[in-house]
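Undergrad: 3D, please:
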Amino acid sequence: PTIVPIGTSGPRLRLIKEITQVIRGGSLLPGIDFSNPVTDPSEAIIFRNGFAAARIPFQGVATLGNQTILESGDEIDYTIYFLSDGAETLKNVQICDAIPDGTTFIPDGFGLGSGILLNLGGKETIQSNENFLPPLTPVSNPCPNFNNPNGSVLLELGDIPNAVPNNAGFVRFRVRVN
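TA: Residues are numbered from 1 along each chain as shown. Just a heads-up that it's a prediction; the model follows:
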């Protein structure tokens, strides 16, 4: 998994992206324990403690492993967890994530016209697709791929305090394997 601590003093943002479920034919893909994140143990402890204090479940896996073969039509939930645990409030936070190669964003993953779920401080809010940038829409920072070949999810979260419970949350979106 990619764990990105940004900042060492003052404000600090920690990010980790996990696969939180795979649906095949309407059922959860068997053989994968999504309840036990596979992360660097020291970071997992930081996230588990931060999310437990905020009463937000922390789960998922970083990879499916070599034994799991995805098939066309499988639906994958990606969750980007964030934690503000620095000495100050984070200002003007934006999270952008590109839709992975070989997949397509599901625009109705959390309801009609709503393909993104935001959890901030334990409160879940379904987001409209205005937070999805379609493929080939020019993007800039903080998006990782300016060419945006598959589309990107971009959320402007504003200020995130460094105190429980509003210092932790996640962004979740769903894709379908082409």
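Undergrad: host element of L136?
TA: Under DSSP states H and E, no helix or strand contains L136.
Undergrad: what pLDDT, on average, does the one helix or strand Q94 maps to get?
TA: Q94 is part of strand 90-98, with elements assigned from DSSP H and E. Over the span of strand 90-98, the pLDDT mean works out to 92.
Undergrad: now stretch 16-35
TA: 88.
Undergrad: again, but for stretch 154-174
TA: Mean predicted confidence for stretch 154-174 is 91.
Undergrad: Equivalent analysis for stretch 124-139, please.
TA: Averaging pLDDT along stretch 124-139 gives 91.
Undergrad: buried ones in that stretch?
TA: By 16 or more other Cβ atoms under 10 Å, the buried positions in stretch 124-139 come out as 127, 129, 131-133, 139. Bear in mind the C-beta positions are built from the backbone N, C-alpha and C, glycine included.
Undergrad: Could you do stretch 85-98 as well?
TA: 85-86, 89-90, 93, 95-98.
Undergrad: just how off-centre is it within its chain?
TA: Centroid separation between stretch 85-98 and its chain, computed with Cα atoms, centre = their mean, to the nearest Å, is 13 Å.
Undergrad: what does that stretch rub up against?
TA: For stretch 85-98, contacts defined as Cβ atoms under 8 Å, 6 or more residues apart in numbering pick out 7, 9-15, 17, 46, 50, 78, 80, 82, 84, 139, 142-145, 148-162, 167, 171, 173.
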